Every structure is written in structure tokens, then in C-alpha cells.
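Enquirer: Quick one, structure for this:
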Amino acid sequence: MSQQALIRGEVSFRVGDGMLMPIPDGPVDIELTADSATLSWVEGGDLGSAAITRDEFERYVREGKIRLG
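Expert: Below is the predicted model:
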């Protein structure tokens, strides 16, 4: 299931076992599965994509940092 949303606030993802990286404020496309959410965006002409757990996704939505369209 694909849907549109806006990032408004600090939303981040972990690159492998490394550091947390921010997802920029603005529009994202979201693909949901039972256990994860994949967020895709464009920043400065570059495509970005990140997977976060479904729990993280739902927390960001509750906090208003991901605003579903």
C-alpha cells in the first residue's frame, strides 16, 4: 500500500549499524508492510530512500512528525 505524507520534524533512520541520518522535511512516498515502512523522497534532485520499523513509523505519526496525506 503506497501513500503520501509530509515530514515535519526530526525523523531519522539508521544506516546499517552506523549513525542516524535525518530524513528532510517535505513530501515522502510511503510503502507499508506488516513490519516496516519504506520512505522515499527527493532532496536537491537526489532520490533518497530508507526503511524504518513499523513501530518507529507509528510513533512518528503519533508525534506529528510524519503527517499522512
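Enquirer: Please work out how many residues are found near the nearest residue in space to residue 31 that is not next to it in sequence.
Expert: Nearest residue to residue 31 in three dimensions, chain neighbours excluded: residue 38, at 4.5 Å (C-beta to C-beta, 6 or more residues apart in numbering). Yep, even glycine has a C-beta here, placed from its N, CA and C like the rest. Residue 38 sits with 17 neighbouring residues when counted by other C-beta atoms under 10 Å.
Enquirer: partner residues bridging residue 38?
Expert: Note on residue 38: beta-bridge partners by DSSP bridges are residue 31, residue 51.
Enquirer: measure it to residue 51 for me?
Expert: Separation of residue 38 from residue 51 (C-beta to C-beta, to the nearest Å): 5 Å.
Enquirer: ditto for residue 61
Expert: For residue 61, the distance to residue 51 equals 16 Å [C-beta to C-beta].
Enquirer: residue ranges with poor pLDDT in this structure?
Expert: 1 (pLDDT under 70).
Enquirer: those helices in it, which residues are they?
Expert: All helices of the chain, identified by DSSP state H, fall at 54-62.
Enquirer: Just give me the residue right at the centre of it.
Expert: Geometric centre of the chain, nearest residue: residue 39, 4.2 Å, by C-alpha atoms, centre = their mean.
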